[in-house]
Every structure is written in C-alpha cells, then in structure tokens.
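Asker: what would the 3D arrangement of this be:
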Amino acid sequence: MILLRREIGEALRQERQSQGRTLRDVSAAAAVSLGYLSELERGEKEASSEMLSAICGALELPLSSFLSTVSDRVAETEAMSAPVQLPVASARAARSAA
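Answerer: Residues are numbered from 1 along each chain as shown. Model prediction:
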C-alpha cells in the first residue's frame, strides 16, 4: 500500500539533502520544530498544507513543483506494485473455442 506521508517525507528529505542543508537549518527557516520536521521526513506524521507550504518556502521550492515530484513518486510506486496481467484468460478462451 502506498502511503502518501512516506512519499512526501522522502521527497522532503531528498530535496533538503540535495541542497546540502540540515534539518536544523530548514526547521528554523520554516518555523517548524526540528523534531516535527524529522518525523515528517520519516513519514511518521501527516503534514498540513500550511506546513508543506512553509517547508517548501524554506527550501525555496515552489509548492506546485514539490507536489508534482510527489505525484511522480506515487505514480512510479503504483507502477511497480501493479499486478502483472498474464494472458491466462486468453489461452483458456482459445482452448475452449477449439
């Protein structure tokens, strides 16, 4: 099962680390407690839209770009977990017709 909070958290961490910034730096800039930001990044807490907006602002990342990144991550995860369709039904239908 895909948990949106995990995808959001991983995307936040990846962006923060790609900028070479610390949790402390981003939490101070976003006016979010260090512990709460850490829990968000680990996918343990759900972030409100206001909280995401503040964190994205601290990261100088448009919220729309961040949400697009999260959407892409969810789509990739869905594709990897989608069941594989086997042509079993088609083969059975062909045998029945014969």
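Asker: give me the buried positions along the longest helix along the chain.
Answerer: Counting residues, the longest helix found in the chain (DSSP state H) is helix 63-81. Neighbour-count burial for helix 63-81, counted by 16 or more other CB atoms under 10 Å, picks out 66, 69, 70, 73, 74. Heads up, the C-betas are built off the backbone N, CA and C, glycines and all.
Asker: burial measure for residue 12, as a count.
Answerer: 25 (other CB atoms under 10 Å).
Asker: no, scratch that, I was asking about residue 53
Answerer: Count around residue 53 with other CB under 10 Å applied: 14.
Asker: let me see the contact set for residue 63.
Answerer: Residues near residue 63 by CB atoms under 8 Å, 6 or more residues apart in numbering: 52, 53, 56.
Asker: who are the contact partners of the nearest residue to residue 29 once chain neighbours are set aside?
Answerer: Nearest non-adjacent residue to residue 29, counting by CB to CB, 6 or more residues apart in numbering: residue 58, 3.6 Å away. With contact set as CB under 8 Å, 6+ apart, residue 58 has these partners: 26, 29, 30, 32.
Asker: quick check: residue 58 vs residue 2, distance?
Answerer: The spacing between residue 58 and residue 2, counted by CB to CB, to the nearest Å, is 26 Å.
Asker: isn't residue 26 up against residue 37?
Answerer: Yes. If you go by CB atoms under 8 Å, residue 26 and residue 37 touch, sitting 6.4 Å apart.
Asker: more neighbours: which of these two?
Answerer: Between residue 26 and residue 37, counting by other CB under 10 Å, residue 37 is the more crowded of the two (25 against 21).
Asker: which non-adjacent residue is nearest the more buried one?
Answerer: Closest to residue 37 by CB to CB, 6+ apart is residue 27, at 4.5 Å.
Asker: that's all I had, so thanks and see you.
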